[in-house]
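**Student:** whatever this is, show me its structure:
(chains A and B)
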Amino acid sequence: MAKVRGAVVVDTEVCKGCNLCVVACPTQTLALNRNVNSKGYHYSYMENPENCTGCTNCSAVCPDSCITVYRVKIES
Amino acid sequence: MSEVADRIKEIINPENLVYAKSPLLNDDIMHYCPGCSHGVVHRLIAEVIDEMGIQEQTIGVSPVGCAVFAYNYIDIDWQEAAHGRAPAVATGIKRVMPEKVVFTYQGDGDLAAIGTAETFHAVNRGENIVMIFINNAIYGMTGGQMAPTTLIGQVTATTPNGRNVDLNGYPLRITELLAQLPGAAYVTRQSVQNPAAVRKAKKAIRKAFEIQAMKKGTAFVEVVSTCSSGWKLNPVESNKWMEENMFPQYPLGDLKDGSRADAGLYSIKG
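**Tutor:** Numbering: from 1, shown residues only, chains lettered A, B, ... in the order given. Prediction:
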């Protein structure tokens, strides 16, 4: 069965830590980082990167367009 | 752990790209509060314009309100209008340059309060423009005062005990009123609180721009939005509050889908 794996890249300086992507993520991949960016926001990051399927739900709800999504199909 | 990191490095590769920021959005960091729906709608407009390949022909008219700086973020031609007068300015632009794609981007204080006359008459004339209406039931930029669309009982800076019908009247469902007008071609109400809603809203915005290309009449897209700063909630709670309280008053869906009414229906017979 072909498995889908993905990864997201968050532009941490643009992210405002609104948490909407964390709520929208169906696989609990994303979380807010304990660290902050230069504006003081807890930016979003992949806490469980092995869960990501590259579904683009996070980038769909991101108000600051700071998420880029990659996806690959793995034949096994 | 390093195995996972290596795996991610392999995946992050231009050939595996499935979503990247629209090239029409520039690198300015938006001035909106965290979680504001404005950012999502800006992105949808940029994506639709990019996908339709009409960047060079599009002119946006930005309002007075939080979206006053919209021209800083989307790389198209913009015109700033006086408070509420965006539909009148858009009418002028479209009539002088009918080959251009013209849209207005307005909030509820701009479109439903000070600009009610311009809004109604632009739609009633069936101007070939797109109007995008962000309804967050509050005056966001000026500090969260009551707007015409504020819900009954909603606490704002100017209604500290909640909106009282005897004193402040009823919430204005301007989209329902505009759907009655013969000049309107497409009137819809959308929201952007979750991925499914965002995808639907994008389709609606695209349809609105296509209707303008077909010269069918005014296309009007309301987006029920959040104002987490004005509502004094966090972005996630705001979305929940919107679903529970805004949607019963402002139900989602298409209100009109067709084209401008035939002039013959309204002309004097004989």
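
**Student:** contacts only, for the residue in chain A that chain B sits nearest to.
**Tutor:** When distances are taken as Cβ to the nearest Cβ, chain A approaches chain B most closely through residue A:63, which lies 2.9 Å from it. C-beta: built from backbone N, CA, C; applies to glycine. Taking Cβ atoms under 8 Å, 6 or more residues apart in numbering or on different chains as the contact definition, residue A:63 lies against A:16, A:18, A:20, B:30, B:32, B:34-40, B:43.

**Student:** from the residues you listed, which is closest to residue B:229?
**Tutor:** Using Cβ to Cβ, residue B:36 comes nearest to residue B:229 of those, at 8.1 Å.

**Student:** how about that closest one: what's its closest non-neighbour residue?
**Tutor:** In this structure, residue B:36 finds its nearest non-sequential neighbour in residue A:63, 5.6 Å apart by Cβ to Cβ, 6 or more residues apart in numbering or on different chains.

**Student:** are we agreed that that neighbour is in a strand?
**Tutor:** No - judged by DSSP: H, G, I helix; E, B strand; the rest coil, residue A:63 forms no part of a strand; its state is coil.

**Student:** any idea how far it lies from residue B:182?
**Tutor:** For residue A:63, the distance to residue B:182 under the criterion Cβ to Cβ, to the nearest Å works out to 36 Å.

**Student:** next, residue B:110: secondary structure please.
**Tutor:** Three states are possible here, and by three-state DSSP the one that applies to residue B:110 is helix.

**Student:** check contacts around the residue nearest to it when sequence neighbours are not counted.
**Tutor:** Residue nearest to residue B:110 in three dimensions, not counting chain neighbours: residue B:63, with 4.1 Å by Cβ to Cβ, 6+ apart. When contacts are counted by Cβ under 8 Å, 6+ apart, residue B:63 touches B:81, B:83-84, B:86, B:104-107, B:110-111, B:115.

**Student:** put the buried members of these into a PyMOL selection.
**Tutor:** To isolate the buried subset of the contacts of residue B:63 in PyMOL, counting by 16 or more other Cβ atoms under 10 Å in any protein chain shown, use the following:
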select buried, chain B and resi 81+84+86+104+105+106+107+110+111+115
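
**Student:** filter the contacts of residue B:63 down to the ones in helices?
**Tutor:** Members of the contacts of residue B:63 lying in helices (criterion: DSSP state H): residue B:86.

**Student:** closest to residue A:69 out of the contacts of residue B:63?
**Tutor:** Proximity of those to residue A:69, judged by Cβ to Cβ, is greatest for residue B:105, which lies at 26.4 Å.
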